Every structure is written in structure tokens, then in C-alpha cells.
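Asks: Okay, here's the prediction I keep looking at, along with the sequence it came from:
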Amino acid sequence: MKILIKNGRIIDPATKLDGMYDLLINNRKIEKVETGIEDKADKIIDASGCYVMPGLIDLHVHLREPGLEHKETIETGMKAAARGGFTTICPMPNTKPVIDNADRVRFVTNKAKQLGEVNVLQIGAVTKGQMGAELADIEEMVDAGACAISEDGKSVMDAGLYKEAMKIAKKKNIPVFAHCEDQNMVGGGVINAGVKSEELDLPGISNAVEDVIVARDILLAKETGVQLHICHCSTKDSVSLVRFAKEAGLPVTAEVCPHHFAMTVDDIREKDANYKMNPPLRTKEDVEALKEGLRDGIMDVIATDHAPHSKEEKMLPMEKAPFGIVGLETAVALTMTVLVDKGYLTPMQMAEKMSYNPAKILGIDRGSLEPGKIADIVIIDPNEVYQIDVEKFASKGKNTPFNGWTVKGSVTATIANGKIIYMQEEEHDK
Ligand SMILES: NC(=O)N[C@@H](CC(=O)O)C(=O)O
Ligand SMILES: [Zn+2]
Ligand SMILES: [Zn+2]
């Protein structure tokens, strides 16, 4: 099967190529990237006016299977990924049961392989049942294919135990993905602590809840030498701490989620649980620091933290509803609209943060458009203006505060392992 992508703007961080070229896919691999390719192909895609980037890699999603299929399944999550331009996704282990042994890693991996072409790399838990008391079977999980370990949903509060896990991760040459939240400081908080939480009479979450664990985990990475990736950074001081770690030469990387740079706590107008996520939406000052951190290369990755929940769960009062919003099908639009279109990031930097850097963190041979590589590709129309409509999502989760937002930038096609897994058909509503 040959696919020829004509007239696109090829943006490839691996080769630093940014220009108008054609790209030919042959037998699941990229064969050549040149001007005026005239080879016969089974399918020709006209990418005029579009960006052609390496397929996006999301280091942080929640697929909810096994056990929480009413929120999302591996299948619906993979469809949402394809629609969002993602060719590789890393599901977190906070399912029911928790992914804390080799069999469960294999269960997700095998099921995903049967279902389609999106590359699904499972993350294993740090402790058994994510209970924080006893280490999970980390070595066996890595041998079964786990790409990283994480306790996402909470922090491992026992620093001694976490340090042991880090030593094993270091030995097995995998990164630790850290959810940073001091359990003893949260105090039932639901949104950012400040004027808004007082106005809405809701318990608040201070920045320090995140920052103290970011600092601790960086110091643990220093002591163990483990590759530490800090999930969903939301505060100004998180950015400063990551900057400190990088200046000290530590193997630390960090991610920012679109909602944390696209909205502030002031966007919460009423008690609507679609605005409830962990960490919470922060202040303008924090958002500015996150955007600058992304621009300046301190923050390496944009990941979605796609966290689907059912309508019923999100209809509950703010204090009772679960934390989390969906993100796979809005990430490109929000990144394009808020960062690229506004000049914070170049398209090349976007490709770095959504594909090239995640591939490097995982140590996988993807995230590049170089001839010879696996053909994982996303085509993005940077100029299409439309409204986000949750009813069009492939995800079961419709929980997002961005429904109805007017955005600029859409995914027109996604190709994984040389196969077209999504092609935009309908025009979006203007
Ligand atoms: N981010 C969230 O608000 N929720 C996530 C857990 C997590 O990422 O910490 C979830 O699993 O729903
Ligand atoms: Zn988390
Ligand atoms: Zn998460």
C-alpha cells in the first residue's frame, strides 16, 4: 500500500525540516520526503495549506479499561486518539483493577493490538493497587511491555518506598511519571484556592499542594538518577523547579496539559464539574508561566491527561464529582489556537512537544518523518475555524469545559503504522 501526501508543509523536529514537500509512504514506512514526487500511489492525499507532522504521542491518557468501561473503553479511547491526531498513547494504570502486574499490562496491550493501529503503551502502577504500601511487580511489568511507571491519580506519599521504585525503574531503564499532590495538604479541595473558591464557597487547592511534591520528586530523581517526568504541571513554581532541575543537569522532563494553559480559574463561572480537574485551573500568573515555560523549552511536553467520566458522575455537585476532563479530541485545536496562533510556539515547537520529545522520553523510534521510519503522521489544517462540539467526540467522555469554544486548527487526517486511521469527512460547524 502506497500513500502519497502532496503539497503539505512538512514539519519534522528530528531532521529540522520545515518546508513544502511531498511525502511517500510505502509498506508502512516513510519512503521519501521530496518535492514533486510523481510515484504511483494507491491513495493520494492533498495536504495543500496543511501541516504534516509526525503522529502525535500522548504520554498521559486514561482509557478506563478494565473495570470502568462506562467512562471509556480501549476501543473508544483509541478512536478518540485517532480523531485527535494521536498515533501513540500511554494509558495510566488507575483502572479497576489497577494495572500493577504483568498480566494486566498484557491484557491492555494485546487488546489494543487486536483493535487497531494506534500504538498503545501501557504504564504500570508504582504500588500494588495504588495503595501506597507495597511495590507493584515493576520488573515483570516492564518485561511485559510497560513503558513507564506511575501512581497517577495520587502521589506515592512514602518517599522511601518511592525511592525504591525509582531505583528499579532506573535499573530497567524506564521513566517514572509523577503525579504531584501532597495528600495531606489537599483538604478536600476542588478548585484552585483563592478569590474564586471563596466566591463559590468551595474548598480550595493551594499551589503548594503540587509544588512540595514536585520539589521532593526532583530531589529523589537527583538521588536515584532515575528519569523523572512530571505530569500535568499547573503552577508557576512547578516551572521554576523544573528549570532548577534542568540547570542542575538532572534527567527531569515536564508536561503541561492544554486546559492548564488555555483557561484560568476565573473561567469558572458556576459550580459546573466540567471545570473540575486535578490539578485545578490556576491563576493568570500561573498560566503565563506555563506558556513561557513551553516557549522557552523548560516544559518539554504537551499531554492531554484525557480523563473521561460519565455524564451522571459529572452532574454531581462540585464537591462530589470526580476530577478530570477529556482531552484527546481538543488538544490540537487548543494548542494551535492558544499557543501557535498567538505566537507562543512555532509549529516546529508544537511538533516537538506533542511528538518528538514524548518519543525521546519513551525511548521509542517514532516521532520523526525521516525516510525509513514507521509512517506515523498527522495532517493539520491550521486555518479551519470551528466550534468544539462534544457530541462529535468519538470518546465516551463528553466532560470538557471547552464545549462550544471557537477554535482555529483541526486534524484532517491521522496515519498510524502506514494506515489511514482517521480522515476528516464532515465540515465542522462554523
Ligand atoms: N486528572 C484528573 O483530574 N483525573 C485523573 C487522575 C489524574 O490524572 O490525576 C482521572 O483518572 O480521572
Ligand atoms: Zn494525575
Ligand atoms: Zn491523569
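Replies: Structure's in. What do you need? Ligands and ions are numbered 1, 2, ... in the order given.
Asks: Nearest residue to the residue positioned nearest the centre of the chain in space, please, no chain neighbours.
Replies: Of all residues in the chain, the one closest to the mean position by CA atoms, centre = their mean is A303, 2.2 Å from it. Distances taken as CB to CB, 6 or more residues apart in numbering place H60 nearest to A303, at 3.9 Å, with adjacent residues excluded. Just so you know, the C-beta spots here come from the backbone N, C-alpha and C atoms, and that holds for glycine as well.
Asks: Can I take it that the one you found is in a helix?
Replies: No. Counting by DSSP: H, G, I helix; E, B strand; the rest coil, H60 is not part of a helix but strand.
Asks: Local confidence estimate at it?
Replies: Looking at H60, its pLDDT is 99.
Asks: For the stretch 1-150 of the chain, what lies in contact range of ligand 1?
Replies: Applying CB under 6 Å from any ligand atom, one finds that the stretch 1-150 of the chain approaches ligand 1 through H62, N94.
Asks: which residues in the stretch 1-150 of the chain form strands?
Replies: 2-12, 17-26, 29-34, 43-46, 51-54, 56-61, 86-91, 119-120, 123-124, 148-150 (DSSP state E, counting those that start in this stretch).
Asks: Nearest to V332 among the ones you listed would be which one?
Replies: With distances scored as CB to CB, the stretch of the strands of the stretch 1-150 of the chain nearest to V332 is strand 56-61 (7.4 Å).
Asks: Only C-alpha atoms, please: export the closest one in CSV.
Replies: The C-alpha coordinates for strand 56-61 follow below in CSV (Å, rounded to 0.1, in the frame of the first residue of the first chain):
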residue,chain,number,x,y,z
LEU,A,56,1.2,12.9,18.0
ILE,A,57,2.3,10.9,21.1
ASP,A,58,0.2,11.4,24.3
LEU,A,59,2.2,10.4,27.4
HIS,A,60,-0.9,10.8,29.6
VAL,A,61,-4.3,9.3,28.9
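Asks: Which other helices and strands does that strand contact?
Replies: Helices and strands touching strand 56-61, by 3 or more CB pairs under 8 Å, 6 or more residues apart in numbering; DSSP states H and E, are helix 74-84, strand 86-91, helix 331-334, helix 357-362.
Asks: okay, the ones you listed in CSV with mean neighbour count and distance to ligand 2 next?
Replies: Converted to CSV, these look like this (neighbours: other CB atoms under 10 Å; distance: least, CB to the ion, whole Å):
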stretch, mean neighbour count, distance to ligand 2
helix 74-84, 25, 17
strand 86-91, 28, 13
helix 331-334, 26, 16
helix 357-362, 22, 16
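Asks: mind giving me JSON lines with those and columns for distance to K111?
Replies: Formatted as JSON lines, the helices and strands packed on strand 56-61 follow (distance: least, CB to CB, whole Å):
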{"stretch": "helix 74-84", "distance to K111": "5"}
{"stretch": "strand 86-91", "distance to K111": "11"}
{"stretch": "helix 331-334", "distance to K111": "24"}
{"stretch": "helix 357-362", "distance to K111": "20"}
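Asks: Of those, give the one that comes closest to V242.
Replies: helix 357-362 (13.3 Å).
Asks: roughly how far apart are I57 and E312?
Replies: 32 Å (CB to CB, to the nearest Å).
Asks: Please say which of these two ends up with more neighbours.
Replies: Taking other CB atoms under 10 Å, I57 and E312 do not tie; I57 has more neighbours (28 against 9).
Asks: now whichever residue of the chain sits closest to ligand 2: how far from F323?
Replies: Nearest residue of the chain to ligand 2 (CB to the ion) works out as H179 at 3.5 Å. H179 sits 11 Å away from F323, taking CB to CB as the criterion.
Asks: coming back round to it: and the strands of the stretch 1-150 of the chain: which comes nearest ligand 3?
Replies: It is, among the strands of the stretch 1-150 of the chain and with distance given as CB to the ion, strand 56-61, at 5.5 Å.
Asks: Is the closest one positioned near ligand 2?
Replies: No. Using CB under 5 Å from the ion, strand 56-61 stays clear of ligand 2, with a minimum separation of 7.7 Å.
Asks: I would like the residues contacting that strand, please.
Replies: 77, 81, 84-92, 148, 152, 177, 229, 231-232, 255, 257, 301, 303-306, 327-328, 331-332, 354-355, 358-359, 361-362, 366-367, 378 (CB atoms under 8 Å, 6 or more residues apart in numbering).
Asks: let's go with 7 Å and repeat that
Replies: 77, 81, 85-92, 177, 229, 231, 255, 301, 303-306, 328, 354-355, 358-359, 361, 366-367, 378 (CB atoms under 7 Å, 6 or more residues apart in numbering).
Asks: out of those, who's near ligand 3?
Replies: Okay, of the contacts of strand 56-61 touching ligand 3 (CB under 5 Å from the ion), that's D305.
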